[in-house]
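K.L.:
fold the stuff below for me.
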Amino acid sequence: MWFRLLGYDISTRFMGLRKKPLEKSLGFLHQNTIGVLRWFFGMVRNNIGYSIALAIYAPFTFYFITQPMNPGAMWAVGKVRKAYISTAEFVKGVAPSALLAMDHDTDETKTDSPPATVSTQDSNEPYDPSTPYAKVKPQFAGMILSTDVPNVEKQSWGDRMSNFKAMEIAYESSLQFSQRMGRLEQMENQLNFPLIAESAYREMETYTLRVGSLQKAIPAKILQTKPEVKTYIDHELQRTRQFKLYIWDRMVRYMLDHPYIVMNQAKDQEFVDYYIGRNFIFLEEVTQDLMKEFKGLKKPEGYQAIEGLAKYYESKKVEGTSVEDRLKKNSFLYKQKGFYDSNEMRASLKRQWELLYLSQNRAQEAANFGLAMYVWSVRNAIWAIGNLTSAKSREMELITSSFSSPKDHEQIRRLVKSEQKRIEPMYESIFHILTFEYVSLREEINQKLDDDIESTQRQTVIDALAKSFEERTSFLKSIDLN
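P.N.:
Predicted coordinates for the structure are as follows:
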């Protein structure tokens, strides 16, 4: 049957060709050459919007489907976005001159302006040490403010968010997902947490000295007749010792919880400098001080590795005559050609950031999320303790002055009153945030995290601070400063 139909079709076409040979021959050529091209371009013209939608949809679908298992997906999407923006800018620059040439095809319309160029996807802007609005003259203390720049001051929230979106697009197209996440690991875990802990610990050392100075300045008669004064001073010293032990223990646990990122157990990190390793030097110094203060204090299991790292990073330190001299000799930034050159830094650290991301992902995703939440909570607690201690140091200094200079007692009393109006609201806010953040996570940390003492430690800290506020009120009343 099929052969009969095929034969009938061929005979019909042959009869047509025999009757109109020229027309049928031209029609056949047109249908299979120019006709195909006209059909193709007609379809493209009629469906251009749909085609663009598919071109955009494809990479975004690729991202949403594969992102959990493919860290480079968002980087690819960023490249597509960047290519689109570059093309749009190119068309915007070329279109006016092209239209002008079509309307006035004469030599008079030709200009000497250079042709527009399109940057490649992987190109970077040349290093420029200047900053936006650097030429604006600040009105106060040499610091530029938002009110000095109308474009900054008057922008709408929508425009502001649009600007952040453009910034994020550029960031995503410059660094792959693993590099961006590794950069965060370096800033948050390698650098920020240890510095917050060290800062809080140093504040406690200063506060201990302040309390000791007050203890010497208060007359013996007051200490004998007003027991609440001695109680407050003794308990403040004891509470500060508790807080120092808390920071020390959390620092050790933090390092042991990050064997690959912080302690570089696999020894695969390419970028290790003195400032990344200062946390080990600080912790070893604190450990030695606390072992002298608390007889019988033991080093935790695994601490030997911390001791070895402290010695290693201490050996990498290049001594200098001043802060700026040591920075120039030890800081990576001073070795760059451009101090603020992001591209130069990224070229050197991209691999390091990838390794940090991959190192932390040796653990399962849920374990990483739980650890990050835990570390942020501990860091918040240490930050709160450090800030409260700093504020109390100033208060102790003023109270000590009132006893050291009896003639100026009334003047210092007014100064203490004025200081209280500033710092007491901060006491309240910091204590509220410290407790609020802990209670929001207490169920999981207290009940679901086995073999961990953070919940007990945190409640000891919070209860100690609450008691400190109560005893402080009685103390200030007893010395007529409340």
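K.L.:
what's the spacing between the residue positioned nearest the centre of the chain and residue 466?
P.N.:
Centroid-nearest residue in the chain, with Cα atoms, centre = their mean: residue 184, separated by 5.2 Å. Going from residue 184 to residue 466 by Cβ to Cβ, to the nearest Å gives 34 Å. Using the backbone N, CA and C atoms, a C-beta is placed for each residue, glycine as well.
K.L.:
could you do residue 353 as well?
P.N.:
Distance of residue 353 to residue 466, given as Cβ to Cβ: 42 Å.
K.L.:
so between those two, which is more surrounded?
P.N.:
Just comparing residue 353 and residue 466: by other Cβ atoms under 10 Å the higher neighbour count belongs to residue 353, 22 against 11.
K.L.:
so the more buried one is in contact with residue 190, correct?
P.N.:
No - counting by Cβ atoms under 8 Å, residue 353 stays clear of residue 190, with 10.8 Å between them.
K.L.:
what's the pLDDT at the residue nearest to the centre of the chain?
P.N.:
With respect to pLDDT, residue 184 has a value of 91.
K.L.:
likewise residue 74?
P.N.:
On pLDDT, residue 74 comes in at 56.
K.L.:
what's the answer for the one 3 residues further on, then?
P.N.:
For residue 77, the pLDDT comes out at 59.
K.L.:
so what's residue 219 up against?
P.N.:
Residues in contact with residue 219 (Cβ atoms under 8 Å, 6 or more residues apart in numbering) are residue 403.
K.L.:
give me the buried positions along the longest helix seen in the chain.
P.N.:
Counting residues, the longest helix found in the chain (DSSP state H) is helix 365-404. Across helix 365-404, burial judged by 16 or more other Cβ atoms under 10 Å covers 370-371, 374-375, 377-393, 395-396, 398-403.
K.L.:
go on, stretch 413-423?
P.N.:
Applying 16+ other Cβ under 10 Å to stretch 413-423 flags 413, 416, 419, 420 as buried.
K.L.:
and of the residues you listed, the nearest to residue 480?
P.N.:
Closest to residue 480 out of those is residue 413 (7.3 Å), distances taken as Cβ to Cβ.
K.L.:
hmm, that closest one is touching residue 402, no?
P.N.:
Yes - under the criterion of Cβ under 8 Å, residue 413 makes contact with residue 402 at 6.5 Å.
K.L.:
in the stretch 251-400 of the chain, what spans have low per-residue confidence?
P.N.:
Filtered on pLDDT under 70, the stretch 251-400 of the chain yields no residues whatsoever.
K.L.:
residue 319 contacts residue 326, correct?
P.N.:
Yes - look at residue 319 against residue 326 with Cβ under 8 Å: they come within range, at 7.1 Å.
K.L.:
quick one, which of those two is more surrounded?
P.N.:
More neighbours surround residue 326 than the other of residue 319 and residue 326, with 15 against 8 (other Cβ under 10 Å).
K.L.:
residues touching the more buried one, list them.
P.N.:
Contacts were defined as Cβ under 8 Å, 6+ apart; by that measure residue 326 touches 317, 318, 319, 320.
K.L.:
element containing the closest residue to the second one other than its chain neighbours?
P.N.:
The spatial neighbour of residue 318 that comes closest, neighbours along the chain excluded (Cβ to Cβ, 6 or more residues apart in numbering), is residue 329 at 4.0 Å. Residue 329 belongs to helix 323-330 when elements are defined using DSSP states H and E.
K.L.:
return the set of buried residues in that helix.
P.N.:
Within helix 323-330, the residues that qualify as buried are residue 330, counting by 16+ other Cβ under 10 Å.
K.L.:
can you give me how far that helix is from the chain middle?
P.N.:
Helix 323-330 sits 25 Å away from the centroid of its parent chain (Cα atoms, centre = their mean, to the nearest Å).
K.L.:
so after it, what's the next helix or strand?
P.N.:
Using DSSP H and E, the helix or strand that directly follows helix 323-330 along the chain is helix 342-360.
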